[in-house]
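Novice: I need the structure of the sequence given here:
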Amino acid sequence: MKNVNTTERKPIKMWLDTIDENALAQAKNLANLPFLFKHVALMPDCHMGYGMPIGGVIATRDVVIPNAVGVDIGCGMCAIKTSITAIDNDPLKKIMSLIRQVVPVGFKHHNEKQDIKFMPNISLLDSLYVVSQEFESAQTQIGTLGGGNHFIEVQRDEEDYIWIMIHSGSRNLGFKVAKHYNKLAVDLNEKWFSSVPKKWELAFLPIDELGTTYLKEMQYCVDFALANRKLMMERVKNCITDVIQDVKFEELINIAHNYASVENHFNTNVMVHRKGATSAYEGQVGIIPGSQGTNSFIVKGKGNVQSFKSCSHGAGRLMGRKQAKKNLDLVQECTLLEEKGILHSIRSIDNLDEAPGAYKNIDEVMNNQKDLVDIEIVLTPLAVIKG
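Specialist: Here you go, the predicted structure:
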């Protein structure tokens, strides 16, 4: 831990040296919630979000806050090690081209509904109001990357083994669930004359019938996001074996970073909200990606109770998207990537919001959370597809 702010009702414990004013203001709002448990924990990749900072972790008693989970419910990382120990540019380019043909990116979906066998438990649909309405649409979204900071990346570890890493979430399904239940929470909080100001964007649901229903729909989105990553990974593996023969793949590593769950901390059952943060229980294997063009890490959790056994979910933004497009130099950012030999995805000024310069220094981020995780494997990027 680097700093503790004690000016509010509950402490704000921070694993970073500096924090922007907007993110700190949001953290202070969290620290003054009447149902907050113990403290606010801010991971080293922390930056401003909607209502709650990205890279924030809180625990609450008897309530759940949809905006403390966010709109991309279940967004997360998966990674897999291959038996490949060397890959030249030509086959790598072929693989990346094949991936682009089978994995829609950005706002694109599949033209046809994907096989229902790829979807999570369909027996739950009758009890899930939003999911049931969006189910058929979600069948065209499963196996798609999305936009923003979502990516498919080919990487190399320190022993030269090739890895595949995917970052994606629940697509429009999670967005619809989040928006629906946040609106219900806002309406209910106004009806109750809640002491939580509306401008904080932290409307809550008690863990009664409505709150429980949100949690069920949220969990379906978490499961859908994992199914989405798994399907993309299977299709990426097929692309690899189309180009390189006799490849073996190890077991999938997966970790989510936008969800709420009942956990026991400080001998109390509480609702832990992780928004842009991943669980890091003792011995738990996790993934912390860098920005496009910087190292990523396979880590093992230390189970630090002060962070609610959590760690960062990535490098974290240094600049907002508009700011990055305005201030970063296209030629300079591309040159830095090309000098490293990375097949990157920056084609124009519109892509600068995902340039390395838009993100915090991943080495500093990792150094700030030495008490949260141990680094097991360092992964160097070779090629990346962005939404």
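Novice: check contacts around the residue lying closest to residue 148 once chain neighbours are set aside.
Specialist: In space, residue 148 comes closest to residue 387 once its chain neighbours are excluded; the distance is 6.3 Å by Cβ to Cβ, 6 or more residues apart in numbering. The C-beta positions use only the backbone N, C-alpha and C, and glycine is treated the same way. By Cβ atoms under 8 Å, 6 or more residues apart in numbering, residue 387 lies in contact with 105, 106, 145, 146, 147, 148, 150, 151.
Novice: Would you quantify the distance from the fifth one to residue 226?
Specialist: Residue 147 sits 19 Å away from residue 226, going by Cβ to Cβ, to the nearest Å.
Novice: Between the two, which is the more surrounded one?
Specialist: Taking residue 147 and residue 226 together and counting by other Cβ atoms under 10 Å, residue 226 has the greater number of neighbours (21 against 13).
Novice: and that one, backbone torsions?
Specialist: Listed backbone geometry of residue 226 is phi -70, psi -40, with angles given as degrees, to the nearest 10.
Novice: got a list of what it touches?
Specialist: Contacts here follow Cβ under 8 Å, 6+ apart; on that basis residue 226 touches 74, 76, 78, 254, 256.
Novice: how about JSON lines for the residues you listed, with pLDDT and secondary structure added?
Specialist: Supplementary listing: those in JSON lines, determined by pLDDT from 0 to 100; DSSP: H, G, I helix; E, B strand; the rest coil:
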{"residue": "74", "pLDDT": "97", "secondary structure": "coil"}
{"residue": "76", "pLDDT": "97", "secondary structure": "strand"}
{"residue": "78", "pLDDT": "98", "secondary structure": "strand"}
{"residue": "254", "pLDDT": "98", "secondary structure": "strand"}
{"residue": "256", "pLDDT": "97", "secondary structure": "strand"}
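Novice: Farthest pair within the residues you listed?
Specialist: The two members of those with the most space between them (Cβ to Cβ) are 74 and 78, at 11.7 Å.
Novice: Settle it for me: which of those two has more neighbours?
Specialist: A side-by-side neighbour count of residue 74 and residue 78, using other Cβ under 10 Å, places residue 74 first with 29 against 22.
Novice: That one and residue 119: what is the separation?
Specialist: Computed with Cβ to Cβ, the distance linking residue 74 and residue 119 is 14 Å.
Novice: How about residue 215?
Specialist: On the measure of Cβ to Cβ, residue 215 and residue 119 end up 19 Å apart.
Novice: One more: residue 192?
Specialist: For residue 192, the distance to residue 119 under the criterion Cβ to Cβ works out to 36 Å.
Novice: Which one of those two is surrounded by more residues?
Specialist: residue 119 (20 against 11).
Novice: show me the contacts for the more buried one.
Specialist: Residues in contact with residue 119, defined by Cβ under 8 Å, 6+ apart, are 135, 138, 139, 142, 224, 227.
Novice: mind checking the SS state of the third one?
Specialist: Think residue 139. Secondary structure of residue 139, reduced to three states by DSSP: H, G, I helix; E, B strand; the rest coil: helix.
Novice: Now do the same for the residue lying closest to it once chain neighbours are set aside: its pLDDT.
Specialist: Ranked by Cβ to Cβ, 6+ apart and with sequence neighbours excluded, the top spatial neighbour of residue 139 is residue 113, at 3.8 Å. According to the predicted model, the pLDDT of residue 113 comes to 96.
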